[in-house]
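**Student:** Sequence isn't available, so here's the structure alone:
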């Protein structure tokens, strides 16, 4: 089972009296807080009242059903969502219905709903990988026989709710199999005012799920507003996987002046994945790669780059294995007039790298 989408109520865009929408938002937030405290019965009642207050927003009913199921009543949750038929339901609703039918031993209904959900939203396969609700279908072999596994599975997760402008917005890409060599391509540039600050590339192993991989992107939101990030395409030797957009919302605190937002050209090489980008480099190396000056080092090393040769702050990269860092790197954009840079790397008081890196001709 997975959480329904986070509700975003744009009160300013509503026509007529905004008070019902505001009341629904308050009830929704109360229900979310009750779920976090494990008060599922109270949460279901809060969401029910929210549905009555603003019946147009179907996601409120999804949350009501989720609370009922978490409270131990999947039958009521199924009745709520299937009351008007399943054809118009969102993929995550059909996925949850499949999970609840599986809990009740209704395997045929579960498999039919699950297949439809995965057809519409292939990224749900990542959630399916370790969802205990479907364990009975794995045990009797029906899941493997009816739901064919995808060679490459991926899902992008964004921040829930709003962040403050100037803070970091976190994106996390989960990929299975984790051993796959992949390239993440942004099909649309970053919104104006966003800059990439860090990328963490972590692999881990799980006895029940095999090799896993998580790519975490930190984006600084330099302005207020809301919109979407993505979409993306994840490609590898095993095939490709389209990844849907995720919403973002940044709020400027009262009295804060962020200053003018400068347009920033977003270069596709900024979106490679560190493991593939750093392939073959030692943890004391500096090279011009992907249109950037890339320096690899170990925790505790001191990196210095010649003044005036690079522009702005570097993107910080980190490779991890089972939670432990194995290599760090930084990637700088070249300064407009730069022809190269001298890089010095000091480790435990000794100089381990003193190299001149020439900038490739554009």
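**Tutor:** It's in. Being a predicted model, the structure only gives us computed values, none of them experimental.

**Student:** CA only for contacts and neighbour counts going forward, please
**Tutor:** Will do.

**Student:** Local confidence estimate at the closest residue to residue 334 other than its chain neighbours?
**Tutor:** The shortest distance from residue 334 to any residue that is not its chain neighbour, by Cα to Cα, 6 or more residues apart in numbering, is 4.3 Å, and that residue is residue 310. What the model reports as pLDDT for residue 310 is 91.

**Student:** what do you get for residue 169?
**Tutor:** The per-residue pLDDT of residue 169 was computed as 92.

**Student:** Could you tell me how far the most centrally placed residue in the chain is located from residue 317?
**Tutor:** The residue lying closest to the centre of the chain (Cα atoms, centre = their mean) is residue 157, at 2.2 Å. Using Cα to Cα, to the nearest Å, one gets 19 Å for the distance from residue 157 to residue 317.

**Student:** one step back: what sits against the closest residue to the residue nearest to the centre of the chain other than its chain neighbours?
**Tutor:** Residue nearest to residue 157 in three dimensions, not counting chain neighbours: residue 172, with 5.1 Å by Cα to Cα, 6+ apart. Residues in contact with residue 172 (Cα atoms under 8 Å, 6 or more residues apart in numbering) are 156, 157, 158, 214, 215, 216, 217.

**Student:** Paired strands for the helix or strand where residue 172 lies, with orientation please.
**Tutor:** Secondary structure here is read from DSSP states H and E; on that basis residue 172 sits in strand 168-176. Using DSSP bridges, strand 168-176 pairs in its sheet with strand 153-157 (antiparallel), strand 210-221 (antiparallel).

**Student:** which one of those lies closest to residue 246?
**Tutor:** With distances scored as Cα to Cα, the stretch of these nearest to residue 246 is strand 153-157 (7.1 Å).

**Student:** got the contact list for the very next helix or strand once past the closest one?
**Tutor:** Once strand 153-157 ends, the next helix or strand along the chain (criterion: DSSP H and E) is strand 163-164. Outside of strand 163-164, the residues that reach it under the criterion Cα under 8 Å, 6+ apart are 169, 224, 249, 250, 251, 252, 253.

**Student:** filter the residues you listed to the buried ones?
**Tutor:** The neighbour-count criterion (16 or more other Cα atoms under 10 Å) marks 169, 224, 249, 250, 251, 252 among the contacts of strand 163-164 as buried.

**Student:** got TSV for the strands paired with strand 168-176, with mean pLDDT and distance to residue 95 too?
**Tutor:** Conversion of the strands paired with strand 168-176 to TSV gives the following (pLDDT from 0 to 100; distance: least, Cα to Cα, whole Å):
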stretch	mean pLDDT	distance to residue 95
strand 153-157	82	15
strand 210-221	86	22
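
**Student:** okay if I get those strands as CSV plus distance to residue 134?
**Tutor:** Written out in CSV, the entries for the strands paired with strand 168-176 read as follows (distance: least, Cα to Cα, whole Å):
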stretch, distance to residue 134
strand 153-157, 18
strand 210-221, 17
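
**Student:** hang on, the earlier thing: out of the contacts of strand 163-164, which one sits closest to residue 89?
**Tutor:** Of all the contacts of strand 163-164, residue 89 sits closest to residue 249, with 25.5 Å by Cα to Cα.

**Student:** Flag the shaky bits of the stretch 51-200 of the chain, pLDDT-wise.
**Tutor:** Within the stretch 51-200 of the chain, the segments meeting pLDDT under 70 span 84, 86-87, 122-123, 125-127, 129-130, 148-152, 179-180.

**Student:** now the helices for it?
**Tutor:** Counting by DSSP state H, counting those that start in this stretch, the segments of the stretch 51-200 of the chain that form helices are 58-70, 74-82, 91-103, 107-120, 124-128, 135-139, 142-146.

**Student:** now the stretch 251-362 of the chain
**Tutor:** With DSSP H, counting those that start in this stretch applied, the stretch 251-362 of the chain shows helices at 274-277, listed in chain order.

**Student:** remind me which residues of it are low pLDDT?
**Tutor:** Counting by pLDDT under 70, the stretch 251-362 of the chain has low-confidence residues at 256-272, 362.

**Student:** Please repeat the previous calculation with a cut-off of 90.
**Tutor:** 252-282, 289-292, 299, 311-313, 315, 321-326, 333-337, 360-362 (pLDDT under 90).

**Student:** Now the terminal residues of stretch 136-156, how far apart.
**Tutor:** The stretch stretch 136-156 measures 27 Å between its terminal residues, going by Cα to Cα.

**Student:** again, but for stretch 154-171
**Tutor:** 13 Å.

**Student:** which one of the helices of the stretch 51-200 of the chain lies closest to residue 195?
**Tutor:** Distances from residue 195 to each of the helices of the stretch 51-200 of the chain were compared using Cα to Cα; the shortest belongs to helix 124-128, at 27.7 Å.

**Student:** any idea how far residue 147 is from residue 159?
**Tutor:** With distances defined as Cα to Cα, the gap from residue 159 to residue 147 amounts to 30 Å.

**Student:** what's the answer for residue 246, then?
**Tutor:** When Cα to Cα is the yardstick, residue 246 and residue 147 sit 26 Å from each other.

**Student:** what does residue 220 give?
**Tutor:** Residue 220 sits at a distance of 39 Å from residue 147 (criterion: Cα to Cα).

**Student:** which of the contacts of strand 163-164 sit farthest apart?
**Tutor:** Distance extremes for the contacts of strand 163-164: the farthest pair is 169 and 253 at 16.1 Å, using Cα to Cα.

**Student:** Buried residues, stretch 157-173. List them.
**Tutor:** Counting neighbours by 16+ other Cα under 10 Å, one finds that the buried residues in stretch 157-173 are 158-160, 162-166, 168-173.

**Student:** List just the nearest of those residues to residue 200.
**Tutor:** Proximity of the buried residues of stretch 157-173 to residue 200, judged by Cα to Cα, is greatest for residue 172, which lies at 9.3 Å.
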